[in-house]
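Colleague: here is a sequence together with a model predicted from it:
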Amino acid sequence: MRLQKVLAQAGLASRRGSERLIAEGRVTVNGKVVTTPGALADPYRDRIVVDGTPIPPPEPKRYLLLHKPPGYVTTRQDPQRRPVVLDLVRGKQGRVFPVGRLDFDCEGLLLLTNDGQLANRLLHPRFGVPRVYEAEVEGRVGADELDYFRRGTLLEDGVARPTEVGLLRHTRTTSWLRLTFTEGRYREVKRFCAALGHRVVRLRRVEFGPLRLGRLAQGAVRPLTAEEVRRLRAIPEG
């Protein structure tokens, strides 16, 4: 791993700031001053010292699947002092952050991790990670109307078109739809359904890439399996 990346991941400085530390001769690896840009180091094996102080060993990677309840903000801290999703894991799972977001009133699958590299990869549009939602919308959506959903519609930030749409069931006044999107745009499902005349009254994310919400209770969290982590890392570019 490049030395500047090791320093950045240790929280000593940004990637560019770490490059400056190296260029100024303030970093040693196994007792030798390193000033070469792009030098490599192993944070688990090498003794890396900055200004005479050894950097701490890297934290183990954590991958958690949370069933977010409605009424929580997907962020680390909320200036309005509303509950945040990290309140549900604070003090028992180590330092993690949410990958993407679910709205305050939405529920469902939310990935938490401290693996910034994987998080950036999963959120980048070129990977097109599928997000599957179950949406309860106002009104009765008929089978013939699903064609309009499949064709997509124009929103203010471009065309929105789910890759899959299905009708799950009806209630007396609403319909439950299953929709798959791959971009993770701002409130895309709500805006999409509203544009087609069916306001979303309840929204739940049930899948994210290879991850499944399953029967995990609201507010509960579980670690990913090794196989789930492997499959996340193996997602190809779309």
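Modeller: Alright, I've got the coordinates.
Colleague: when you work out contacts or count neighbours from here on, use the C-alpha atoms and nothing else.
Modeller: OK.
Colleague: tell me where the model's unsure across the protein.
Modeller: By pLDDT under 70, the low-scoring segments of the chain are 92-93, 237-238.
Colleague: so which residues of it form helices?
Modeller: 3-9, 15-23, 116-123, 146-151, 188-195, 226-233 (DSSP state H).
Colleague: which among those helices is found nearest to Leu40?
Modeller: With C-alpha to C-alpha as the measure, helix 3-9 is the member of the helices of the chain nearest Leu40 (5.2 Å).
Colleague: a markdown table for the helices of the chain, including distance to Ala217 and mean neighbour count?
Modeller: Formatted as a markdown table, the helices of the chain follow (distance: least, C-alpha to C-alpha, whole Å; neighbours: other C-alpha atoms under 10 Å):
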| stretch | distance to Ala217 | mean neighbour count |
| --- | --- | --- |
| helix 3-9 | 33 | 21 |
| helix 15-23 | 39 | 17 |
| helix 116-123 | 24 | 16 |
| helix 146-151 | 30 | 14 |
| helix 188-195 | 23 | 18 |
| helix 226-233 | 19 | 14 |
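Colleague: distance to Arg178 for these - can I get that in a markdown table?
Modeller: Below are these laid out as a markdown table (distance: least, C-alpha to C-alpha, whole Å):
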| stretch | distance to Arg178 |
| --- | --- |
| helix 3-9 | 38 |
| helix 15-23 | 41 |
| helix 116-123 | 21 |
| helix 146-151 | 11 |
| helix 188-195 | 11 |
| helix 226-233 | 22 |
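Colleague: contacting residues around Leu88?
Modeller: Applying C-alpha atoms under 8 Å, 6 or more residues apart in numbering to Leu88 gives the contacts Gly219, Ala220.
Colleague: how much space separates it from Leu64?
Modeller: 12 Å (C-alpha to C-alpha, to the nearest Å).
Colleague: contacting residues for the residue positioned nearest the centre of the chain?
Modeller: By C-alpha atoms, centre = their mean, the chain has its centre lying nearest to Val99, at 1.8 Å. By C-alpha under 8 Å, 6+ apart, the contact set of Val99 is Leu110, Leu111, Leu112, Thr113, Ala119, Leu123.
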